[in-house]
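Peer 1: When you get a sec, could you give me coordinates for this:
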Amino acid sequence: MTITEKIIAQHAGRERVVPGENVWISVDILMTHDVCGPPAIDIFKREFGEKARVWDRNKLVIMPDHYIFTADAHANRNVRILREFAAEQDLPHFFDVGTARYKGVCHVGLAEEGFNRPGTVLIGTDSHTCTSGAFGLFSTGVGNTDAAFIMGTGKIWVKVPATMRFVFEGSLPPYLMAKDLILTVIGDIGCDGATYRA
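Peer 2: Residues are numbered from 1 along each chain as shown. From the prediction side, this is the model:
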């Protein structure tokens, strides 16, 4: 099994899993921000109850980072909703805008605050959440409904992804960087060429 399959199997309580199989897994960290957090919270309250508690207050990370430091009323409303929810739930991992705890871009903050731990499952309400996989964990982005379900249960149903392997031979000339290499790969496979792949 690949590292992704091993992590998913462990979090599903199984000996092994195979690509294409759907399994329920336990989530170690759920991250959301000011774009998707408010609608996910709304769904959570609607489906689990206005007074419902999140499955584990220590495993929910909220990092506003998209529409911050703005005069836009809707954007400020979103941050206010996050503040209120964090207070209601007594969440220790709310990194509020304009405070010493603020971390900037959520994906950088996850790493800096130690949430990207090898062998774990980190789910986020952002398509770039998969970048956390660089730390040896299974990480992917989900929509608001899935995030709300995780808030209430700590579980998510995932399809075990097939693994892609890229082999690079030779060495890079000094005028090329790793980014040039990955942009070439993306050009070859297309922007959706690695969808639901590890």
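Peer 1: tell me the centre residue of this structure?
Peer 2: Centroid check for the chain by C-alpha atoms, centre = their mean gives G124 as the closest residue, at 2.3 Å.
Peer 1: pLDDT wise, what is it at?
Peer 2: On pLDDT, G124 comes in at 98.
Peer 1: Thought I68 was touching G104, still the case?
Peer 2: No. G104 is not in contact with I68 according to C-beta atoms under 8 Å; the separation is 9.2 Å. In this view, the C-beta of every residue, glycine as well, is placed from N, C-alpha and C.
Peer 1: Disregarding residues adjacent in the polypeptide, which is nearest to the residue nearest to the centre of the chain?
Peer 2: M31 (4.0 Å; C-beta to C-beta, 6 or more residues apart in numbering).
Peer 1: Could I get the average pLDDT for whichever strand or helix holds that neighbour?
Peer 2: Counting by DSSP states H and E, the element that carries M31 is strand 29-32. Taken as a whole, strand 29-32 has an average pLDDT of 99.
Peer 1: Could you list the paired strands of it along with their orientation?
Peer 2: strand 60-62 (parallel), strand 121-124 (parallel) (DSSP bridges).
Peer 1: so can I have CSV of the ones you listed showing distance to Q10?
Peer 2: Below are the strands paired with strand 29-32 laid out as CSV (distance: least, C-beta to C-beta, whole Å):
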stretch, distance to Q10
strand 60-62, 21
strand 121-124, 9
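Peer 1: mind checking which of those strands is nearest A198?
Peer 2: Nearest of those to A198, taken as C-beta to C-beta: strand 121-124 at 12.8 Å.
Peer 1: continuing past that closest one, what's the next helix or strand?
Peer 2: strand 138-141.
Peer 1: Quick check: which element contains P38?
Peer 2: helix 37-48.
Peer 1: Can you point out the buried residues in that helix?
Peer 2: 37-41, 43-45, 48 (16 or more other C-beta atoms under 10 Å).
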